[in-house]
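In: Turn this into a model:
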Amino acid sequence: KLGTEDRQRNSCDVQIADLLTFCDSRGYVTSDQLIFRDDCLTGTRMDKRPGWAACKAALKRGMILVVREIKRIGRTLEAFDAILRLDKRGVQIETMHDGVFDSRDPNKLMLFGIKTVMGMVEALQSSIVTGTKQRHYQQVERRIVSRIVPYGWQRDTARPTHMIENPDEQTIIDRISAEY
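Out: Numbers count the residues shown, from 1 in each chain. Have a look, this model is predicted:
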């Protein structure tokens with residue numbers, strides 16, 4: 001899965017090449033028909049990912065699902081449940097970073113649960129930042145103040161329904177924008 005935040009540094013082609021190299025190093029047999037991708041789709045909407053749906057349908061008992069990181073499957077409880085179901089169906093799940101997932105191993109299960117929750121928090125954080133940025137830019141574009149003045153801006157004393165940049169807060173906004 002290629003998330004929207006990954007477009008530059010981790011294209012699907014780069015991820016697939018890394019996974020094929022990993023599979024080759026393990027002696028796994030691969031097939032082009034068993035490579036699934038979801039370009040620029042969020043891991044928080046499992047129902048909107050045709051690559052994931054095709055992958056689940058193709059996986060049979062004894063097969064190995066290899067992913068770069070567990071969060072590439074998804075960052076929701078639905079993804080957590082799907083992975084547990086695959087494991088119970090006899091599909092082995094292996095990540096390049098965390099090894100083989102086994103729901104009978106309490107340490108692996110706990111690690112997986114923690115990573116899922118961390119992914120959910122990451123997705124929520126991204127959603128909040130994105131929504132805040134969009135609202136912020138809409139207000140900034142129009143330079144019109146509603147009830148609350150966005151952080152980094154202040155009311156224009158000459159025109160109280162308009163806003164101007166607050167230089168003290170703008171440096172912090174610039175740092176946050178650079179991070180996300």
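In: Can you find the helix or strand in the chain with the smallest mean pLDDT?
Out: Lowest on mean pLDDT, DSSP states H and E among the helices and strands of the chain sits helix 106-142, with a mean of 72.
In: Beyond that one, next helix or strand please.
Out: strand 153-155 (DSSP states H and E).
In: what about the closest residue in space to Glu122 that isn't next to it in sequence, which SS state?
Out: Computed as CB to CB, 6 or more residues apart in numbering, the closest residue to Glu122 that is not its neighbour in sequence is Arg75, at 6.6 Å. No exception for glycine: its C-beta is placed from N, CA and C like everyone else's. For Arg75, the assignment made with DSSP: H, G, I helix; E, B strand; the rest coil gives coil.
In: Could you report the distance from Arg75 to Gly62?
Out: 27 Å (CB to CB, to the nearest Å).
In: Could you do Gly119 as well?
Out: Separation of Gly119 from Gly62 (CB to CB): 27 Å.
In: Please identify which of the two sits among more neighbours.
Out: Taking neighbours as other CB atoms under 10 Å, Gly119 and Gly62 compare with Gly119 leading, 22 against 9.
In: Once you drop chain neighbours, what's closest to that one?
Out: Using CB to CB, 6+ apart, the closest residue to Gly119 is Arg75 (3.2 Å).
In: where does Val67 fall, phi/psi-wise?
Out: The phi/psi pair for Val67 (degrees, to the nearest 10) reads phi -130, psi 160.
In: list the contacts for it?
Out: Contact analysis of Val67 by CB atoms under 8 Å, 6 or more residues apart in numbering lists Leu19, Ile73, Ile93, Glu94, Thr95, Met96.
In: Ramachandran angles for the residue nearest to Glu122?
Out: Torsion angles, degrees, to the nearest 10, at Arg75: phi -120, psi 50.
In: what pLDDT does the residue sitting furthest away from the middle of the chain get?
Out: Residue farthest from the centre of the chain, counting by CA atoms, centre = their mean, is Ala158 at 43.8 Å. Looking at Ala158, its pLDDT reads 88.
In: Could you do the one 4 residues further on as well?
Out: His162 is assigned a pLDDT of 77 by the prediction.
In: With the one 3 residues further on instead?
Out: The predicted local distance difference test score for Glu165 is 84.
In: cool, Thr4 as well?
Out: 50.
In: One more: Arg26?
Out: Turning to Arg26, the model gives it a pLDDT of 92.
In: Perfect, that will be all.
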